Every structure is written in C-alpha cells, then in structure tokens.
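>>> mind looking at a prediction? Sequence and model below.
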2 protein chains.
Amino acid sequence: MKAAIFDVFGTVVDWRSGVARDVAAFLARHGVQGVDAFAFADAWRRRYGPAMAEIGSGRRGFVRLDVLHRENLEASLVEFGLSPGAFADAELEDLNQAWHRLDPWPDAVAGIARMKTGMIVAPLSNGNIGMMVNMARRAGLPWDAILGAEVARAYKPAPEVYLGAAETLGLDCADVLMVAAHNGDLAAARGCGMRTAFVLRPEEHGPGQVTDLVPDEDWDFVVSGMGELADRLGM
Amino acid sequence: MKAAIFDVFGTVVDWRSGVARDVAAFLARHGVQGVDAFAFADAWRRRYGPAMAEIGSGRRGFVRLDVLHRENLEASLVEFGLSPGAFADAELEDLNQAWHRLDPWPDAVAGIARMKTGMIVAPLSNGNIGMMVNMARRAGLPWDAILGAEVARAYKPAPEVYLGAAETLGLDCADVLMVAAHNGDLAAARGCGMRTAFVLRPEEHGPGQVTDLVPDEDWDFVVSGMGELADRLGM
C-alpha cells in the first residue's frame, strides 16, 4: 500500500466535543440560556447528511462544506428558537469556523506521523480544503496533501471521490488504504477496489452512540486507534 | 498576509539539473551516445508552454501536467533522433517521473519551513497534485496543502488559478503572497490583487539565462532566496 487516506470527522478529530465547546462559548457570550451545547452540536451535525444528499442527487450543484455548515447553523439556531438575524454576521461566521478548530483524538497525530514515514497520508474528507488546512495547522496533522470532496467536486460516498483520489495520486485503488470510523465510508471505498481500515470510535456521537460500534464487513484492518493501525502496517 | 503560495519549477526546485541527471542515467542505461542531457532537458521543457497554451486557449480540455510531460518526452526523443517505441513503456514512465524527483534550491526547505510558522504555505504550480506530493515527500517540503493547476483545472497564468487558490483557502487575494522567480507569474497574481515576491533564480535555465534576471515591476519583495524572504516577512 502506497497511500493511506483518512475520513476526518469522527475518525481523526472529535467533532462533537469541539463544536459543543465553541457553541457553549458563543451562547454564553450572547447570554443565551437553556440550550444544551452538545444537543446543539448534534442538531447541527444531523443536517449534514441531508444537505450533502441534495448535491449527491444532482438537485443542487457542488458547494463546499463551509457553505452547508453555515446554512445548517442558521437552521439549527431557528430549531432552538433563536433568530440568526439577532447575531452579527461575523459572529456567525466565527462560530461556523468551529469545524476548523477541532481537536484530534489523542492517538491521531502520532499514529498518522508514523504512517507518513512509509506512505502518502492525506485526508479524504467531505470537509473543504481551507477547513482541512486550518484544522491541520492547529492540530499538527502532518498531511502530504488535502484530497476529498472539494478536489472531486462531489461528496462521499460518491465513487468519484474515492476513484479521483487514487487517480490524483497516480495510484491504483488497490494500493490505497481508506481509513474510517464509518462502515458506509469503507463500503464505498471497497466498492472502488481500495483496502479498508475500520477505526473504532465508540464515543464519536457521545455516550449514547448506536452506530458504527462494530465492523459490518471483514475490513482489512479493524483497530481502536491510529497507533494500532501504524503497528499493524509495520510502521 | 495569511498565506504564501509558491511557483515550484525554477522557484522552489532546480528542474533543469534534476531532469538532466535522470535523462543522463536513462541515456547511459540504454547505450545512447551523442545526446547532451542538459540540451535534452531544455528541449523537453521548451514544449511545456505551447502544450499548456493548447489548454489555455480552450482548444484542448484540461489534462494534468504528467500527461503533457509524457507527450513532450516522446516528441523530444524524436527531436533527438530517437524512437519512443524503442523503449519499454515502464522506462519512459519512469523517466517522465524525473519531474517528481527534483531537488530544491538550497535555501528552499528551511525558508519555507520558517514561513510556515506564521502563514499557510502551499505550492501554486502547474504541476499536478501527485507530482507535488512525491516531490515534497522526497525533498522535505513542508506544504500545508497542494494548490494549483489541478485544483483549478486550468493552467497559470489563467486568473482562475490565482483567484481559485485564495477562494479555496477562504482568503482575500490581498492576504495572499505569490512567490515566483518569473515576472509573468507575478504579473498575473498582481492582476488578481495578490501581493508579490520575486525570487532571483539566475541559473534556472543554466549559465546562459536571459529571462527573469531582473524584476520587471515594483514587486512587493525582491529577494535572492527563501531565507531572505522569511527574514523580510519577520519569520
């Protein structure tokens, strides 16, 4: 295998804690009471799939995830009884950038750095390039390149995202390892001929998580963190 | 300024020496005599502008630089009286990858690493993403992302390459510094509202170089290497 490409939200970074942290600060700054920051983060995230599906179905042209996040933030504010118009645009834009300021899981930076010694490492995320760059600089993620939705101008699990990543790197899919905490992402990658590594992240969605607690298929690797994956890859 | 984006061929890496080195090895391996490796490198490079112009004019759809290099390699072999068909495809493909194995100028890695401490650093090259990744891994270039022709699906000096880079990073052009050894590249960047840094590389084209020996305009910075640029930027 010549490259490892990584899902990011949930697999490499803990989006829920990071978004809730910034939501809590936003709410406190504006004197909003009675809104649970984790519930808000979950609601914001819940709109992510349907928003991408509009693009995946062809009903809407490609826009980057920052744009969808901003729309979904405003809809989530309304859902919690808050008016987006009550906040300055710059405040909303800063909160939208919470998704650029996520902390990696404790094993991520060191494990990915080990893999980088022997393979190309790159995110294959639905996040846009600028978001991935800001996140990587803050967190110290040592990517060789930023691949994913914005390069392919399509969202996972569309096959062209996976196929495009391999082609962009000049590699066969069989030489590329997709690393994700989500069975669906790995199924799409396997469908394109990639190797697959499932990383258990049982708290991505908080203590009540019910999805992706076990591998749905016989993935090539099943691990509980990036250090264990680097071990298994002999790096 | 929040990002520095770099022309690569000639500005960051010494393409002529690197290509000539690999051409010389290729010729020796195949027992070809009487061909000067530097002359071959120059001939190969001479076809680069016209090949991109076909795409810039719209006469041809976008293809990545690896594809143009391969076509231009075969044409250059013919120009030197050699038949591409006389060599195994894998041999030609390996030689084509000479452009992935270029050495940086001595000041480049350390200077760019210093700039990275305070700004996003990324190539804005006509080279494709896979080429830039392979080059960076070999040379130790610490890019935050790979931008340029393949992301924009257009070649410099088309404005969409520069405008697209700023938009991809979520920045205004005025917050982006274009770094290049070529006046034409900087003129295009300035036309898009970017800041400009001219790096003197008087031996890019060898001892007889006649182009880009002096700045044609009052660029924001005129320096003789990346270390001096990092100094001027206070990093």
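Cool, the structure landed.

>>> so the nearest residue to A:Val32 once chain neighbours are set aside: helix, strand or coil?
Leaving aside its chain neighbours, A:Val32 sits nearest to A:Leu82 (6.6 Å; criterion: CB to CB, 6 or more residues apart in numbering or on different chains). Glycine gets a C-beta too; all of them are placed from N, C-alpha and C. Under DSSP: H, G, I helix; E, B strand; the rest coil, A:Leu82 falls in the coil class.

>>> mean confidence for the helix or strand where A:Gly49 lies?
When elements are defined using DSSP states H and E, A:Gly49 is found to belong to helix A:48-56. If you average the pLDDT over helix A:48-56, you get 95.

>>> give the buried residues for that helix.
By 16 or more other CB atoms under 10 Å in any protein chain shown, the buried positions in helix A:48-56 come out as A:48, A:51-52, A:55-56.

>>> what is the lowest-mean-pLDDT helix or strand in chain A packed up against?
Taking mean pLDDT, DSSP states H and E as the measure, the helices and strands of chain A show their lowest mean at helix A:149-152, namely a mean of 92. Contacts of helix A:149-152 with other secondary structure elements, assessed using 3 or more CB pairs under 8 Å, 6 or more residues apart in numbering or on different chains; DSSP states H and E, are made with helix A:159-169, helix B:149-152.

>>> so can I have TSV of those showing distance to B:Asp66 and mean neighbour count?
Formatted as TSV, the entries for the helices and strands packed on helix A:149-152 read as follows, by distance: least, CB to CB, whole Å; neighbours: other CB atoms under 10 Å in any protein chain shown:
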stretch	distance to B:Asp66	mean neighbour count
helix A:159-169	11	21
helix B:149-152	10	23
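
>>> show me what the helix or strand containing A:Trp44 is packed up against.
Under the criterion DSSP H and E, the helix or strand holding A:Trp44 is helix A:37-46. The contact analysis (3+ CB pairs under 8 Å, 6+ apart) places helix A:37-46 against helix A:15-29, helix A:65-79.

>>> near chain B, which residues of chain A?
Where proximity means CB under 8 Å from any CB of the partner chain, the interface of chain A facing chain B comprises A:66, A:120, A:122, A:128-130, A:132-133, A:136-137, A:143-147, A:150-151, A:168-171.

>>> in strands, which of these fall?
The strands in this structure, assigned by DSSP state E, contain A:120, A:122, A:147 from the residues of chain A next to chain B.

>>> quick one: the first one and A:Ala4 touch, right?
Same thing as A:Ile120. Yes. Using CB atoms under 8 Å as the test, A:Ile120 is close enough to A:Ala4 to be in contact (7.4 Å).

>>> quick one: contacts of the least confident helix or strand of chain A?
For helix A:149-152, the external contacting residues (CB atoms under 8 Å, 6 or more residues apart in numbering or on different chains) are A:62, A:64-65, A:125-129, A:155-156, A:158, A:160-161, A:164-165, A:168, B:129, B:150-151, B:168.

>>> and A:Arg114, what element?
Applying DSSP H and E as the criterion places A:Arg114 in helix A:108-116.

>>> tell me how far that helix lies from the chain's centre.
In this view, helix A:108-116 has its centroid 17 Å away from the chain centroid, taken as CA atoms, centre = their mean, to the nearest Å.

>>> tell me the buried residues in that helix?
A:108-109, A:111-116.

>>> switch the residues you listed over to TSV; also include pLDDT.
Compiled in TSV, the buried residues of helix A:108-116 are given as follows (pLDDT from 0 to 100):
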residue	pLDDT
A:Ala108	98
A:Val109	98
A:Gly111	98
A:Ile112	98
A:Ala113	98
A:Arg114	98
A:Met115	98
A:Lys116	98
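
>>> and which of those is nearest chain B?
Top of the list for closeness to chain B, among the buried residues of helix A:108-116 and by CB to the nearest CB, is A:Lys116 at 8.3 Å.

>>> quick one: that closest one and A:Leu141 touch, right?
No. The pair formed by A:Lys116 and A:Leu141 falls short of the contact definition of CB under 8 Å, at 10.0 Å.

>>> who's in contact with the strand or helix carrying A:Leu92?
Here A:Leu92 is covered by helix A:89-96, with elements defined by DSSP H and E. Residues outside helix A:89-96 that contact it (CB under 8 Å, 6+ apart) are A:22-23, A:26, A:29-30, A:66, A:69-70, A:73-74, A:84.

>>> mind redoing it with 6 Å?
Counting contacts by CB atoms under 6 Å, 6 or more residues apart in numbering or on different chains, the residues outside helix A:89-96 that touch it are A:26, A:69-70, A:73.
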